[in-house]
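Q: sequence first, predicted coordinates after that:
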Amino acid sequence: MEMVVDSAGIKQLAVATARKLGAGDVRVAPAFDDRESRRRMREAFSRGDLAGWGYGDDYARRATSPRRLLRDARAVICIAVPYAVTVPQQGAPLRGRVSNYAWSPDYHLRVRALLAAVARVIDEAAGAPVTAIACDTRPLAERALAARSGLGWVGKHTNLISSALGSFVFLGEVVTTLELPVDAPLRKTCGACARCVDACPTRALRGDYTIDANRCISDLTQRTDSIPRDMRPMLGDWVWGCDICQTVCPPTRRAGEVGSPRDAPLDAQFARPSLVALLQLRSGDFKRRYRRTAMGWRGAAVLRRNAAVALGNALDRSAVGPLIESLTCDPHRMVRGHAAWALGRIGSPKALQALQERCAIESEKEVLAEIRAALEPFNCVDA
């Protein structure tokens, strides 16, 4: 293969293309087999930190070897796209919160388009196909690669932190068989800072740069089964994701609003959705409204379940009516069960009466268990 442009020139073309399309920083890492990251992944899997995601040794092997993605890979172009913009204020009561990565059009589409454009420039300059791209959905230890490239360092909240951009960055990679000039990693850590650890409501962060994702609000709001009862009060009003550990991070606070207008909420309801409206969301409306965002991959029932939990945490009796409707009419037993929990949290006479009435006729064991658990503190389980 005869290259049209030399490797240094190709790197410059790739960087220029990425920056033109919205990248905040671009660095290059060597594409070697990363045994240290593999060891850390395996330790995390052994601890059960990511039990809900089904990862195992095979994933660890693939994610830490870029040559599993592209044979003969020699370099990885690591790209960071910033997305921090102004967070909308709460406004009206009974509103939920959505993580800022998910309230705009699905970032996967935008970042993949950027990566594809960079890959095309490289292939054209090389005179042959020499690239493969990855953006979150393919096995690749992107935070470890980004740290190796010098984009930033992995913080105690386990997100990549860029000195200039903070941690609100989307990551993407272009793997290539070309021997491109590589960049040096940063010699930086979080030091004694533990603000993210202290701020985490669920104590998911251990302070040693590891996380128990089973306790992470972001993971809890995305799981497809029941949220453990002891975790529900800690979710507060979050209905998708969580930004707390990042918003208190000093480098992220210093970076400020480094995103672009395309990172703003599609409308106010995407950032601060009405909890009652979300509780009543049906599949057709979900597809029309949410499939264009990063919330679109889990389905309407997950958002309705999360809305039920947030309404229970709001302790507002005006939510009792909609929660009773959910308890009696929602087609998904998981949602009905979480509505029962929320009614028990509120504990008004009307809520308890509805729980007792439903307890007498509910046929689903999962929902019945939730109803009885909700009634137990009031000593009226068998009433």
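A: Yep, that arrived. Numbers count the residues shown, from 1 in each chain.

Q: only C-alpha atoms for contact and neighbour calcs from this point on.
A: Will do.

Q: neighbours of the spatially closest residue to residue 200 that is not a sequence neighbour, how many?
A: Excluding its sequence neighbours, the residue lying closest to residue 200 (C-alpha to C-alpha, 6 or more residues apart in numbering) is residue 245, at 6.0 Å. Residue 245 has 21 neighbouring residues, counting by other C-alpha atoms under 10 Å.

Q: which helix or strand contains residue 245?
A: Using DSSP states H and E, residue 245 falls within helix 244-247.

Q: so which bits of the helix or strand just after that helix are buried?
A: Remark: after helix 244-247, the chain's next helix or strand is helix 250-255, criterion DSSP H and E. Along helix 250-255, these residues count as buried under the neighbour rule (16 or more other C-alpha atoms under 10 Å): 250-252, 255.

Q: and helix 250-255, average pLDDT?
A: The pLDDT scores in helix 250-255 average 96.

Q: then the helix or strand following that helix to CSV, C-alphas only?
A: Using DSSP H and E, the helix or strand that follows helix 250-255 in sequence is helix 268-271. Presented in CSV, the C-alpha positions along helix 268-271 are these (Å, rounded to 0.1, in the frame of the first residue of the first chain):
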residue,chain,number,x,y,z
ALA,A,268,-38.0,21.8,28.3
GLN,A,269,-39.9,18.6,28.8
PHE,A,270,-36.9,16.5,27.8
ALA,A,271,-34.8,18.0,30.5
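
Q: from now on call the first residue 109
A: All right, first residue 109 from here; so that's helix 376-379.

Q: and after helix 376-379, which helix or strand comes next?
A: Stepping forward along the backbone from helix 376-379, the first helix or strand reached (DSSP H and E) is helix 383-387.

Q: mean confidence score for stretch 149-157?
A: For stretch 149-157, the mean confidence score works out to 95.

Q: contact partners of it?
A: With C-alpha atoms under 8 Å, 6 or more residues apart in numbering as the test, stretch 149-157 has contacts from 158-159, 163-165, 168, 318-322.

Q: distance of residue 319 from residue 423?
A: 30 Å (C-alpha to C-alpha, to the nearest Å).

Q: cool, residue 438 as well?
A: Distance from residue 438 to residue 423, by C-alpha to C-alpha: 21 Å.

Q: about what we covered before: with secondary structure added, can I get the contacts of stretch 149-157 in CSV?
A: Compiled in CSV, these are given as follows (DSSP: H, G, I helix; E, B strand; the rest coil):
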residue, secondary structure
158, coil
159, helix
163, coil
164, coil
165, helix
168, helix
318, coil
319, strand
320, coil
321, helix
322, helix
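
Q: return a ChimeraX selection command for the buried portion of these.
A: Of the contacts of stretch 149-157, the buried ones go into a single ChimeraX selection, burial set by 16+ other C-alpha under 10 Å:
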select :158,168,318,319,320,321,322
